[in-house]
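Q: I would like to see how this sequence folds:
(one chain, ligands or ions: 1)
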Amino acid sequence: MAHELPTTDIRISADLIRRRKGGTPIVCLTAYTYPFARLLDEHVDLLLVGDSVAMVLHGLQTTLGASLEMMIAHGQAVMRGSAKACVVVDLPAGSYEDSAAQAVASARRVVDETGCQAVKIEGGVDMARQIAAIVAAGIAVMGHIGLLPQSVEKDGGYKIKGRTEENVEALVRDALAVEEAGAFSVVIEGTVETVAADITHRIAIPTIGIGASRDCDGQILVIDDMVGLTVDRVPKFVKEYADLRSVISHAAASYASEVRSRTFPGSDHVFSAKNRRDDL
Ligand code: KIV
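A: Residues are numbered from 1 along each chain as shown. The predicted model follows:
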């Protein structure tokens with residue numbers, strides 16, 4: 001069935017998100033597809049086309065398999081489905097780390113080909129040059145510090161950050177570097193609650209927590225985790241607000257049973273030779 005595209009496109013800008021620091025918490029979710037963008041747009045301030053798409057939709061083991069082309073294709077789908085939210089697209093691993101010029105070229109391509117409002121990159125002090133260069137090129141950047149999924153191999157697994165004094169100091173340096181480089185906000189992932197709260201109070205840009213603290217200026221979750229679609233283990237920080245696994249499984253079981261018993265399609269789902277009023 002053909003859906004009409006949203007007619008309004010009065011978007012929440014990255015600058016508006018920045019100005020929400022300390023105000024009503026900023027509501028963020030990931031989205032990777034057109035139908036989810038259509039459903040989520042009215043409820044959130046920001047939709048992130050995260051590189052988690054590589055794991056969530058493509059079944060890869062880590063986010064390292066995401067490519068620029070994959071991010072652009074999902075970014076385009078989300079942009080088609082959303083009219084209001086600030087849409088941010090992740091730059092995938094391998095597309096920005098080498099140099100500021102590489103980061104700007106990748107960010108430019110993502111923004112030009114999707115029309116999104118901003119890009120996100122992982123890293124603090126080590127990525128400050130890249131963030132500053134992208135911002136100088138006129139593209140808004142969201143930072144990402146704490147547990148960095150793109151560094152999972154280097155870190156030897158998904159490790160919660162902020163458990164040693166040295167690590168806390170490094171996290172604070174990362175947050176300050178991301179702010180100083182001009183990011184409009186920063187995701188804090190998988191970080192001890194008090195450390196995430198402290199960083200939130202120390203920097204002037206909004207912090208968006210995931211496995212962090214309710215004191216953050218906003219929260220984000222992976223949509224499939226949040227609606228109970230994730231088939232593998234969900235992380236501790238996820239709250240499942242629905243159980244779509246069961247809904248889909250029951251629907252598929254009912255369909256299979258009706259097909260096998262020849263009760264589907266029923267008379268409502270077929271066309272007669274005479275009656276044209278019931279045509280599509
Ligand atoms: O890729 C992603 O979904 C993310 C969020 C978890 C913040 O980076």
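
Q: List the contacts of Gln76.
A: Residues in contact with Gln76 (C-beta atoms under 8 Å, 6 or more residues apart in numbering) are 113-114. In this view, the C-beta of every residue, glycine as well, is placed from N, C-alpha and C.

Q: where does it fall, helix, sheet strand or coil?
A: Secondary structure, DSSP: H, G, I helix; E, B strand; the rest coil: Gln76 is helix.

Q: Could you check how far it is from the ligand?
A: 17 Å (C-beta to the nearest ligand atom, to the nearest Å).

Q: Could you check how far that residue is from Ser13?
A: Distance check for Gln76 against Ser13: by C-beta to C-beta, to the nearest Å, it reads 20 Å.

Q: Equivalent analysis for Gly209, please.
A: 21 Å.

Q: again with Ile134
A: For Ile134 relative to Ser13 (C-beta to C-beta), the value is 16 Å.

Q: So for these two, which sits in the more crowded spot?
A: Using other C-beta atoms under 10 Å as the criterion, Ile134 and Ser13 rank with Ile134 on top: 29 against 14.

Q: contacting residues for that one?
A: Counted by C-beta under 8 Å, 6+ apart, Ile134 has contacts 103-104, 107, 119, 121, 141.

Q: which residues of the protein fall in strands?
A: Secondary structure of the chain, counting by DSSP state E: strands at 26-30, 46-49, 86-90, 118-120, 140-146, 185-189, 207-210, 218-221.

Q: Next, format those as JSON lines and append mean pLDDT, mean neighbour count and distance to the ligand.
A: What follows is those, written out as JSON lines (pLDDT from 0 to 100; neighbours: other C-beta atoms under 10 Å; distance: least, C-beta to the nearest ligand atom, whole Å):
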{"stretch": "strand 26-30", "mean pLDDT": "98", "mean neighbour count": "23", "distance to the ligand": "4"}
{"stretch": "strand 46-49", "mean pLDDT": "98", "mean neighbour count": "30", "distance to the ligand": "6"}
{"stretch": "strand 86-90", "mean pLDDT": "98", "mean neighbour count": "28", "distance to the ligand": "5"}
{"stretch": "strand 118-120", "mean pLDDT": "98", "mean neighbour count": "26", "distance to the ligand": "7"}
{"stretch": "strand 140-146", "mean pLDDT": "98", "mean neighbour count": "28", "distance to the ligand": "6"}
{"stretch": "strand 185-189", "mean pLDDT": "98", "mean neighbour count": "27", "distance to the ligand": "5"}
{"stretch": "strand 207-210", "mean pLDDT": "98", "mean neighbour count": "29", "distance to the ligand": "5"}
{"stretch": "strand 218-221", "mean pLDDT": "98", "mean neighbour count": "22", "distance to the ligand": "5"}
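
Q: quick one, phi psi at the residue of the chain found nearest the ligand?
A: In the chain, the residue that lies nearest the ligand is Gly50 (2.3 Å; C-beta to the nearest ligand atom). Main-chain dihedrals, Gly50, degrees, to the nearest 10: phi -80, psi 150.

Q: Could you save the contacts of Ile134 as TSV and add columns showing distance to Asp155?
A: Output for the contacts of Ile134, formatted as TSV (distance: C-beta to C-beta, whole Å):
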residue	distance to Asp155
Ala103	21
Val104	27
Ala107	25
Val119	23
Ile121	17
Val141	23
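
Q: and of the residues you listed, the nearest to Asn275?
A: Distances from Asn275 to the contacts of Ile134, taken as C-beta to C-beta, are shortest for Val119 (53.1 Å).

Q: show me the contacts for the nearest residue to that closest one once chain neighbours are set aside.
A: With C-beta to C-beta, 6 or more residues apart in numbering as the criterion, Val119 has its nearest non-adjacent residue at 4.7 Å, and that residue is Ala107. The contact partners of Ala107, by C-beta under 8 Å, 6+ apart, come to 91, 96, 119, 134, 137, 139, 141.

Q: thinking Thr200 is in contact with Asp217, fair?
A: Yes. At 6.3 Å, Thr200 counts as touching Asp217 under the criterion of C-beta atoms under 8 Å.

Q: For the strands of the chain, could you give me JSON lines that also reports distance to Pro265?
A: Putting these into JSON lines (distance: least, C-beta to C-beta, whole Å) gives the following:
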{"stretch": "strand 26-30", "distance to Pro265": "36"}
{"stretch": "strand 46-49", "distance to Pro265": "36"}
{"stretch": "strand 86-90", "distance to Pro265": "39"}
{"stretch": "strand 118-120", "distance to Pro265": "45"}
{"stretch": "strand 140-146", "distance to Pro265": "47"}
{"stretch": "strand 185-189", "distance to Pro265": "47"}
{"stretch": "strand 207-210", "distance to Pro265": "44"}
{"stretch": "strand 218-221", "distance to Pro265": "38"}
